[in-house]
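# Show me the folded form of this:
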Amino acid sequence: MINNRTALELQLKVLGDEDPQVADTHNNLGCAFNKQGEHEKAINGYKMALEIQEKILSHYHPDTAKSYFNLGGVYHDQLNNDKAMKMFCMALEIQLKVLGESHEDVADTYNYMGFVYKNQNRYDEAMKMHKKALKTQLNGSGNGRSIVGDTNDYMGRLLKLQSRNREALEKFQDALSVYQEVFEEGHVKIEGTRRELDNP
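Model (predicted):
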């Protein structure tokens with residue numbers, strides 16, 4: 001945190017307040033504040049970054065999309081679902097245009113949109129988002145990535161929440177198969193998924 005603040009002070013002196021590096025540091029400060037649960041300070045950092053990025057890098061830039069996504073994440077943590085969804089939709093629009101449909105950032109945004117719908121008890125919409133995320137991940141990276149396991153896990157938990165236990169077990173098994181390919185035995189994700197399978 002201190003290093004980021006010091007960096008920001010130096011950058012502002014040397015580069016001015018309209019430079020991509022300054023935006024990056026605002027974003028880093030936002031991330032640091034968010035990890036500490038200081039959500040309003042995190043939002044301020046991300047908004048400062050976004051203001052610079054929109055002006056210097058343009059609206060349709062991956063860094064701009066990242067700031068919208070980060071803002072959505074904070075609003076999600078605050079259970080401010082409407083604002084979270086608005087930010088994720090903004091991020092997604094940019095990501096699809098500049099990164100393409102198979103980029104993992106697109107999949108992350110779909111998953112977080114699913115989390116928002118889950119918070120709203122809109123389980124069908126949530127599942128649609130996770131399915132889109134999984135399709136994106138499989139098109140972009142194939143089965144051998146832990147993020148594919150994560151999305152299967154999200155789907156399993158959502159199905160379990162609806163007491164659709166047989167379908168949930170299938171998704172947890174899919175997640176476990178991926179995790180066993182990419183992690184060593186005893187990894188926290190392998191053990192966590194096994195617990196879900198043992199307690200349907």
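
# how many neighbours does the closest residue to residue 110 other than its chain neighbours have?
Leaving aside its sequence neighbours, residue 110 sits nearest to residue 133 (CB to CB, 6 or more residues apart in numbering; 3.8 Å). Yep, even glycine has a C-beta here, placed from its N, CA and C like the rest. Residues contacting residue 133 under the criterion other CB atoms under 10 Å number 26.

# Next, the contact list for residue 133, please.
Contacts for residue 133 were tallied using CB atoms under 8 Å, 6 or more residues apart in numbering; they are 107, 108, 110, 111, 114, 151.

# Pull out the buried residues from the helix or strand containing it.
Assessed by DSSP states H and E, residue 133 sits inside helix 123-141. By neighbour count on 16 or more other CB atoms under 10 Å, the buried set for helix 123-141 is 123, 126, 127, 129, 130, 132, 133, 134, 136, 137, 140, 141.

# same check, this time on stretch 55-68
Within stretch 55-68, the residues that qualify as buried are 59, 61, 63, 64, 65, 66, 67, 68, counting by 16+ other CB under 10 Å.

# Pop out the phi and psi values for the second one.
In this case it means residue 61. phi -140, psi 140 (degrees, to the nearest 10).

# thought it was touching residue 53?
Yes - between residue 61 and residue 53 there is a contact under CB atoms under 8 Å: 6.3 Å.

# with the buried residues of stretch 55-68 in mind, which one is nearest to residue 48?
Residue 48 has its nearest neighbour among the buried residues of stretch 55-68 in residue 67, at 9.2 Å by CB to CB.

# what's the closest one in contact with, if anything?
Neighbours of residue 67 in contact, by CB under 8 Å, 6+ apart: 23, 27, 46, 49, 50, 53.

# For those residues, pick the one with the most neighbours.
Among those, residue 46 has the most neighbours (other CB under 10 Å), with 28 neighbours.

# wait, doesn't it sit right on residue 74?
Yes - between residue 46 and residue 74 there is a contact at 7.0 Å, judged by CB under 8 Å.

# residues shared between the contacts of those two?
Common neighbours of residue 46 and residue 74 (CB under 8 Å, 6+ apart) are residue 30.

# and stretch 187-196, how far from the chain's centre?
Mean C-alpha position of stretch 187-196 versus that of the full chain (CA atoms, centre = their mean, to the nearest Å) differs by 21 Å.

# contacting residues around that stretch?
146, 149-150, 153, 156-157, 160, 168, 172, 175-176, 179-180, 183.

# Which of the residues you listed sits closest to residue 198?
Distance to residue 198, by CB to CB, is smallest for residue 172 among the contacts of stretch 187-196, at 9.8 Å.

# tell me the contacts of the closest one?
152, 153, 156, 193, 196, 197.

# Fine by me, we can end here.
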